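**Student:** Have a look at this prediction, sequence included:
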Amino acid sequence: MKKYKISFVFPMFNEADNIEDTIRVTTDLAKEICDDYEIVVSDDASTDNSADIVDTLVRKDSHIKLIRLKKNTKFGGALKAGLENASKELVLYVDSDLPVRQDDIKKMLELLDSADVVTAYSLVIKDASLKRIMMSKGYNFLVRLLFGLKLRDINSGIKIYKKQAIEGLRLISRSPFIDAEIFSEIEKRGGRIRQYGLVFELRTKGRSTISRPAVVLRTFWDMIRDRFSK
């Protein structure tokens, strides 16, 4: 099997129930598929002991890096910091509860032979609540309309970038809109984006904060600001 040099990037906010298992599973995968790797955890000013857990792991394993933000940025700042501190030829960003199977990660990596970015979309409805379905559909529609992105799921929980595709991006978003901003900037550069369908694992520990009112409002503010300032 082809070996890779990968930076695994995990933006994190209050994932004390998940992050140690996530790093353990990622380490096992990295040893199987990588010549060289690092695990970059970017903590978005967690209020639980997530960062302390990672800090303990850092002391035991030089492959693990921890970036601690002093202020909560509603996700976007944490992802930006993680990407900026990634040093390998491939950058693999995953949600900190690790909602993807290892086999799907391997199959996504194979698609990079004909792409600069590989992003996932869900083959099934992950959250059946009417509120989340409407929010997701409405958001994806607006992003397609305003930015011309022909992607099924802008904010899916895993993306793989060639490092050169994201180098030098001037990102302004401090919310989940950063995913759309990255895609838009890569397409402006002529980058190739491929999509991969999978079934995401349901979260069993901790809870997602992406639908918090403050996060939603910041996301729409970043969308409007990006559309009319660039």
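**Tutor:** That came in fine, so what should we check first? Numbers count the residues shown, from 1 in each chain.

**Student:** Find the helix or strand that A81 is a member of.
**Tutor:** helix 76-84 (DSSP states H and E).

**Student:** er, F141 I mean
**Tutor:** F141 belongs to helix 130-147, assigned by DSSP H and E.

**Student:** go on, R218?
**Tutor:** helix 213-229.

**Student:** which other helices and strands contact that helix?
**Tutor:** helix 130-147, helix 178-188 (3 or more C-beta pairs under 8 Å, 6 or more residues apart in numbering; DSSP states H and E). No exception for glycine: its C-beta is placed from N, CA and C like everyone else's.

**Student:** any idea which of those helices is most buried?
**Tutor:** helix 178-188 (a mean of 21; mean count of other C-beta atoms under 10 Å).

**Student:** Quick one: residues contacting G197.
**Tutor:** The contact partners of G197, by C-beta atoms under 8 Å, 6 or more residues apart in numbering, come to 120-123.

**Student:** at 6 Å instead, please
**Tutor:** G197 makes contact with 121, 123 under the criterion C-beta atoms under 6 Å, 6 or more residues apart in numbering.

**Student:** Which SSE is immediately downstream of the lowest-mean-pLDDT helix or strand in the chain?
**Tutor:** Taking mean pLDDT, DSSP states H and E as the measure, the chain has helix 130-147 as its least confident helix or strand, at a mean of 84. Per DSSP H and E, helix 130-147 leads on to strand 158-162 as the next helix or strand towards the C-terminus.

**Student:** relative to helix 76-84, how tilted is that next one?
**Tutor:** Computed with axes from the mean of the first three to the mean of the last three C-alpha atoms, to 10 degrees, the direction of strand 158-162 lies at 40 degrees from that of helix 76-84.

**Student:** Could you list every helix and strand in contact with strand 158-162?
**Tutor:** Contact partners of strand 158-162 among helices and strands, from 3 or more C-beta pairs under 6 Å, 6 or more residues apart in numbering; DSSP states H and E: strand 90-94, strand 117-122.

**Student:** try it again with 8 Å
**Tutor:** Other elements packing on strand 158-162 under the criterion 3+ C-beta pairs under 8 Å, 6+ apart are strand 90-94, helix 102-110, strand 117-122.
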